[in-house]
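Student: sharing a model prediction with you, sequence too.
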Amino acid sequence: MNARRILIVVLLSILLLSCGSSAYHEVPKAICGTPIDPALTRLLVTSAKEFHEYNRVDRSDAITAPCILLAEHDPVLEFRFSWDDTATDLMYLATGSGSISRVTQPRSINLGYKSIVGTDGAISIDRCATKGGKYFTLTLQVPQIGLMDQTHRKDIERFMRAYFPATLKTLGCK
């Protein structure tokens, strides 16, 4: 009888440990205020840690600001929402010396609006008349992808094909 109790305690302990801290956390259904299919996000984010956002974007003020999706303390998707009166040169942003919109090995693609996709991010721009200007630019950086890793370019493109137009819908463009 005593051996049976010990066995039950051991089995329950193993069960509790296996359900504990290694729990799988689902990616959010909306990121930085934009609804997105979690399956598209999962193409870029493999972490099983708990997700939360650092979001400084205020769509009503339309002031350039960052929004970051974190897995615990690690940034996994970094966005920069930017409004301006003139269209920005995306290649200049992508290859400039700053790190805010840097994208490695950018290539222009046709998404129905001006876009570039690199190995570790993307930038898209379209007309969007708001309080902040006539154009809206969205930068995506995926910091956990290595600079020379070519395997995620198509995944980044698929994500931006869905995320950018969905973001435009949330901005109240005129």
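Tutor: That came through, no problem. What you are looking at is a predicted structure, and each value in this text was computed from that prediction instead of being measured.
Student: in three-state terms, label Ala39 for me.
Tutor: helix (DSSP: H, G, I helix; E, B strand; the rest coil).
Student: is it true that Thr41 touches Phe159?
Tutor: Yes. Using C-beta atoms under 8 Å, Thr41 is in contact with Phe159, at 7.0 Å. Where you see a C-beta, it was placed from the backbone N, CA and C, and this is true even at glycine.
Student: the two: who's more crowded?
Tutor: The residue with more neighbours, out of Thr41 and Phe159, is Phe159; 25 against 21, by other C-beta atoms under 10 Å.
Student: checking my notes, that one in a helix, right?
Tutor: Yes. The assignment for Phe159 by three-state DSSP puts it in a helix.
Student: how far away is the closest residue to Ser60 other than its chain neighbours from Val45?
Tutor: Nearest non-adjacent residue to Ser60, counting by C-beta to C-beta, 6 or more residues apart in numbering: Lys131, 7.3 Å away. Separation of Lys131 from Val45 (C-beta to C-beta, to the nearest Å): 32 Å.
Student: which one of these two has more residues nearby?
Tutor: When Lys131 is set against Val45 and neighbours are counted by other C-beta under 10 Å, the residue ahead is Val45, at 20 against 12.
Student: look at the more buried one and give its secondary structure.
Tutor: Recorded secondary structure, Val45: coil (three-state DSSP).
Student: repeat that for Val76.
Tutor: Assigned with three-state DSSP, Val76 falls in the strand class.
Student: so where do the strands sit in this structure?
Tutor: Under the criterion DSSP state E, the chain contains strands at 30-31, 34-35, 51-55, 65-71, 74-84, 107-110, 114-117, 121-130, 133-141.
Student: wait, what's in contact with the most centrally placed residue in the chain?
Tutor: Nearest to the geometric centre of the chain sits Leu77, at 3.4 Å (C-alpha atoms, centre = their mean). Leu77 makes contacts with 31, 41, 44-45, 68-69, 140-142, as judged by C-beta atoms under 8 Å, 6 or more residues apart in numbering.
Student: who's it bridged to?
Tutor: Here Leu77 sits in beta bridges with Leu69, going by DSSP bridges.
Student: how much space between it and Leu70?
Tutor: Distance from Leu77 to Leu70, by C-beta to C-beta: 9 Å.
Student: next one: Tyr92
Tutor: Using C-beta to C-beta, we find Tyr92 at a distance of 29 Å from Leu70.
Student: same deal with Ala162?
Tutor: Distance from Ala162 to Leu70, counting by C-beta to C-beta: 21 Å.
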